[in-house]
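Peer 1: here is my input, please return the structure:
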Amino acid sequence: MLHPAVKSSVAVRTINLERVIFLKFLNMLILGALQEKPLSGYNIIGLVHRRFDVLVSSDTVYFILYSLERKRLVNATLENRKRVYTITYQGAQTLETVGRANAEIHGLVQSLIMGNRQTS
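Peer 2: Numbers count the residues shown, from 1 in each chain. Below is the predicted model:
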């Protein structure tokens, strides 16, 4: 049985790991949201909060959006004094490629986890 302080430490590390993973995949989440409909940065922040109960800073979202725009994965237009982002064909292709690779990645992670359990 783990000491409560150790349990707390493990829980904090798990939460931090989940946040790191979430932030690493935020660009794909944004592309997925833009595939549904055009959105502003403000709309994306709200969507992420509603869907995942995570507050993401505007700096983080706009940094990702500008990065995606430089890579030509999204386009921005000015509508009612707001930048509204849409996914490009190249962005949709990127999202599709990541989706296809998801099954392979999932299988690899499962085999790694099962391999660790068998050697323990």
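Peer 1: so what's the residue count around Val84?
Peer 2: 17 (other Cβ atoms under 10 Å). (C-beta placed from N, C-alpha, C; glycine too.)
Peer 1: what is it paired to in the beta sheet?
Peer 2: Following DSSP bridges, Val84 is listed with bridge partners Ser40, Thr77.
Peer 1: per-residue pLDDT, Leu47?
Peer 2: For Leu47, the model assigns a pLDDT of 95.
Peer 1: pretty sure it is touching Ala33, no?
Peer 2: Yes - Leu47 is in contact with Ala33 according to Cβ atoms under 8 Å; the separation is 5.6 Å.
Peer 1: okay, now Val48: neighbour count?
Peer 2: Neighbours around Val48, by other Cβ under 10 Å: 20.
Peer 1: what residues are up against it?
Peer 2: Val48 makes contact with Leu26, Leu29, Val54, Val56, Val61, according to Cβ atoms under 8 Å, 6 or more residues apart in numbering.
Peer 1: quick check: end-to-end length of stretch 62-78?
Peer 2: 15 Å (Cα to Cα, to the nearest Å).
Peer 1: can we start the residue count at 304 from this point?
Peer 2: Fine by me, first position is 304 from now on; the one you just mentioned is stretch 365-381.
Peer 1: pull the residues that contact that stretch.
Peer 2: Stretch 365-381 is contacted by residues 329-330, 333-334, 337, 344, 347, 386-391, 393-394, 397 when judged by Cβ under 8 Å, 6+ apart.
Peer 1: got a quick ChimeraX command for the buried subset of those?
Peer 2: Command for ChimeraX that selects the buried part of the contacts of stretch 365-381, burial taken from 16 or more other Cβ atoms under 10 Å:
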select :329,330,333,334,337,344,347,387,388,390,391,394,397
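Peer 1: so which of the contacts of stretch 365-381 sit within helices?
Peer 2: Applying DSSP state H to those, the entries found in helices are Leu329, Asn330, Ile333, Leu334, Leu337, Gly344, Ile347, Gln393, Gly394, Thr397.
Peer 1: please name the nearest non-neighbouring residue to the last one.
Peer 2: Ranked by Cβ to Cβ, 6 or more residues apart in numbering and with sequence neighbours excluded, the top spatial neighbour of Thr397 is Leu376, at 5.8 Å.
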